[in-house]
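J.: predicted model and sequence below, questions to follow.
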Amino acid sequence: MFSIVKKVVLSTLSILGINLVAWTVFLLNPNLSYANETQVDNVTIYHNQALEEGTELIVHDALSIIQNADIYDEQMELHLCLNDDKTYPKLYPFAGGLAYAFLDKTVIYESTPNFGNNRVEFSWAVNDYEVRRWNLTALLAHEFTHNLQYHHDPNYYVMSTLGHLNWKFEGHAEYVSRRFKNDNRLKEKIETFLLEEKKEHVGIPVFLLEDGTIQNLAYFRYALVFQYLTEVQNLDFDEICKLDAPLADLYEEMIDWSRLQ
């Protein structure tokens, strides 16, 4: 009897081990899932269908944006996986959102990109199925910045994001992707945030931008605090990551500063 149980256990473990290896191989090698690869600068795009006109331009523009990040490394190779494959985008166990990033990969997820119009559309139950539009260049730049963050300090990135959101990473990614750096508009944007947060919102709170797309209100707040810390307090990326102060305290400090300007 013991021998039979032992064989069953070993057999089960062997199957699980084979499945784990297969999952890892496919996750780390998107070329095994997609029919096509297209190179744009230092980004490899994986896709099954023909690329839309304008795709290369959007990717190039997103790259141009993240080159302004202090942690940018021109030697880093990035991988963009479109969601025209039914399997690959779902392989990552923490997949979610319009797009997500892990390691050196950015994956389009629960959204429909339109490269020709520089938009990505989505309609989620949490937002009462309201059709929302996001700037596609900003979305890619945001996720590419997460790739940079991982590349810059893999240990801190992994340990600080396990099971929860790291507002510093999201604030930094939004600060970079929305081109807030040295725009001299921090006080103005704080006033915008204070007005928008008082309004009633459907689902995930967002607000409308001049180009007809939206911005996540919480991420906007993170970006403003990051901008305050880096441009008013003169902290660099690593120094901000090492801060122990709660976000709420830093936010209030920023608000107090803005009232004195």
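T.: Cool, the structure landed.
J.: how about the helices in the stretch 51-200 of the chain?
T.: With helices called from DSSP state H, counting those that start in this stretch, the stretch 51-200 of the chain shows them at 55-66, 136-152, 154-161, 167-177, 186-196.
J.: ranking those by mean pLDDT, which is last?
T.: Among the helices of the stretch 51-200 of the chain, helix 154-161 has the lowest mean pLDDT, at a mean of 93.
J.: Val59 and Leu82, how far apart?
T.: Between Val59 and Leu82 the computed distance is 11 Å (Cβ to Cβ, to the nearest Å). To be clear about C-beta, it is placed using only N, CA and C from the backbone, and glycine gets the same treatment.
J.: would TSV of the helices of the stretch 51-200 of the chain with mean neighbour count and distance to Phe26 be doable?
T.: Listed next are the helices of the stretch 51-200 of the chain as TSV, based on neighbours: other Cβ atoms under 10 Å; distance: least, Cβ to Cβ, whole Å:
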stretch	mean neighbour count	distance to Phe26
helix 55-66	19	23
helix 136-152	25	19
helix 154-161	14	20
helix 167-177	24	26
helix 186-196	16	41
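J.: about what we covered before: overlap in contacts, Val59 and Leu82.
T.: Here Val59 and Leu82 have Ile45 as joint contacts, going by Cβ atoms under 8 Å, 6 or more residues apart in numbering.
J.: can you tell me the element Met254 falls in?
T.: Applying DSSP states H and E as the criterion places Met254 in helix 247-259.
J.: how far does that helix sit from the chain's center?
T.: Helix 247-259 sits 25 Å away from the centroid of its parent chain (Cα atoms, centre = their mean, to the nearest Å).
J.: give the buried residues for it.
T.: For helix 247-259, burial by neighbour count (16 or more other Cβ atoms under 10 Å) applies to 250-251, 253-254, 258.
J.: greatest separation within those: which pair is it?
T.: With Cβ to Cβ as the measure, no two of those lie farther apart than Leu250 and Ser258, at 12.8 Å.
J.: who touches the nearest residue to Phe220 once chain neighbours are set aside in this structure?
T.: Excluding its sequence neighbours, the residue lying closest to Phe220 (Cβ to Cβ, 6 or more residues apart in numbering) is Phe193, at 6.0 Å. The neighbours of Phe193, taking Cβ under 8 Å, 6+ apart as the test, are 217, 220-221, 224.
J.: let's see which of those end up in helices.
T.: 217, 220-221, 224 (DSSP state H).
J.: skipping adjacent residues, who's closest to Ala218 in space?
T.: Using Cβ to Cβ, 6+ apart, the nearest residue to Ala218 is Pro205, at 6.8 Å.
J.: for that neighbour, give me its contacts.
T.: 196-197, 216-218 are the contacts of Pro205 under Cβ under 8 Å, 6+ apart.
J.: now compare the residues you listed and name the two farthest from each other.
T.: Greatest spatial distance among the contacts of Pro205 (Cβ to Cβ): Glu197 and Asn216, at 12.2 Å.
J.: of the two, who's got more company?
T.: Asn216 (19 against 14; other Cβ atoms under 10 Å).
J.: once you drop chain neighbours, what's closest to that one?
T.: Counting by Cβ to Cβ, 6+ apart, Val206 is the residue found nearest to Asn216 once chain neighbours are left out, at 5.6 Å.
J.: the residue nearest to Val202 when sequence neighbours are not counted and Ile204: what is the separation?
T.: Once flanking residues are discounted, Val202 sits nearest to Asp128: 5.4 Å by Cβ to Cβ, 6+ apart. Using Cβ to Cβ, Asp128 is found at 11 Å from Ile204.
J.: give me the more crowded residue out of the two.
T.: A count of neighbours by other Cβ under 10 Å puts Ile204 above the other of Asp128 and Ile204, at 14 against 9.
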